[in-house]
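Q: need a 3D model of the following:
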Amino acid sequence: MMIGRNLVLRLGVAGIGIPLLVGLLYQPDWVWWVFVFVACLLGMREFYCMYLTDKTDQRVSLLVGIIAMMILYWVQRQGALGFVAMTVMALGMYYVIRPQNIDTVAQRYTTSIVGIIYIGGLGGIIALLHRDFGMQASLLLLAATFLSDAGAYVVGSLFGRRKLHPTISTGKTWAGLFGGLAGTAVAMLVVRWWSFPTLTIVDIVILSFVGGLLSQFGDLTESMIKRSCGVKDSGTLLPGHGGVLDRIDSLLFYAPVLYFYFIWFS
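A: Numbers count the residues shown, from 1 in each chain. From the prediction side, this is the model:
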């Protein structure tokens, strides 16, 4: 019963969100960047609410993340270096000026850095993929990731018996893993037929397996973070999906695969 109710909520959110996302892909690059920027900011906020108890630490980390993400996207040639330097240096100065509990300051400092790099850095690549390789690349990313999640959820719910990694996630199964890989392959074939004819069969095989596998690792990574904090969802913004971080976790690991694959092999 719970699975059915959760599936209905997921489908309802997807029915609203998918057309919105596809429409945004056809807008100018900066519109897509704003959307990704806001999503990453919300994801970082959820991350810091789980790990940083001090409100000032949360706010400063988010402020540094905002500036770092702007550098990553808008500084054309050395944006990635500026992103890392800004993150490490600015947060280092903040925690030196306001160390509070000296026994926890190193942990708080590294937590702030990880939140920005994990969500703002990997999430920023989603915007860079659109800017540098066009709407088709972003469509491929979204379709592959969403159908991977859908395939894993449906196949895992129907046929899942053997747990994939029970220490981290009690719901993930090996059947779900293979369902996710199949969903990724289907998505790539559909996008290739619809708007990306330059994709070869070799591209589809490699990106379906490697990208689909890393997409599952992205999901497991966020599950690990939540499990270590003792929470079920990162937030409650999206009914049936949890928080924003719950929805973008797979994208964070898949976007770099596509981006660097297109740089090296396109």
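Q: in this protein, where is pLDDT below threshold?
A: 1-17, 235-242, 266 (pLDDT under 70).
Q: which strand runs longest in it?
A: strand 169-173 (DSSP state E).
Q: hmm, who's touching that strand?
A: 152, 156, 159-165, 216, 219-220, 223-224, 227 (Cβ atoms under 8 Å, 6 or more residues apart in numbering). Any C-beta I mention is one placed from the backbone N, CA and C, and that applies to glycine too.
Q: what angle do the helix or strand following it and strand 169-173 make?
A: Counting by DSSP states H and E, the next helix or strand C-terminal to strand 169-173 is helix 174-195. Here helix 174-195 runs at an angle of 60 degrees relative to strand 169-173 (axes from the mean of the first three to the mean of the last three Cα atoms, to 10 degrees).
Q: list the buried residues of helix 174-195.
A: Buried residues in helix 174-195, counting neighbours by 16 or more other Cβ atoms under 10 Å, are found at 174-188, 190-192.
Q: likewise stretch 204-222?
A: By neighbour count with 16+ other Cβ under 10 Å, stretch 204-222 contains the buried residues 204, 207-208, 211-216, 218-222.
Q: of the contacts of strand 169-173, closest to V64?
A: In terms of Cβ to Cβ, no member of those lies closer to V64 than M224, at 24.1 Å.
Q: and Q136, what does it touch?
A: Q136 touches V191, S195, F196, counting by Cβ under 8 Å, 6+ apart.
Q: please redo it, this time with the cut-off set to 7 Å
A: Residues counted as contacts of Q136 (Cβ atoms under 7 Å, 6 or more residues apart in numbering) are S195, F196.
Q: before we move on, what SS does it have?
A: Assigned with DSSP: H, G, I helix; E, B strand; the rest coil, Q136 falls in the helix class.
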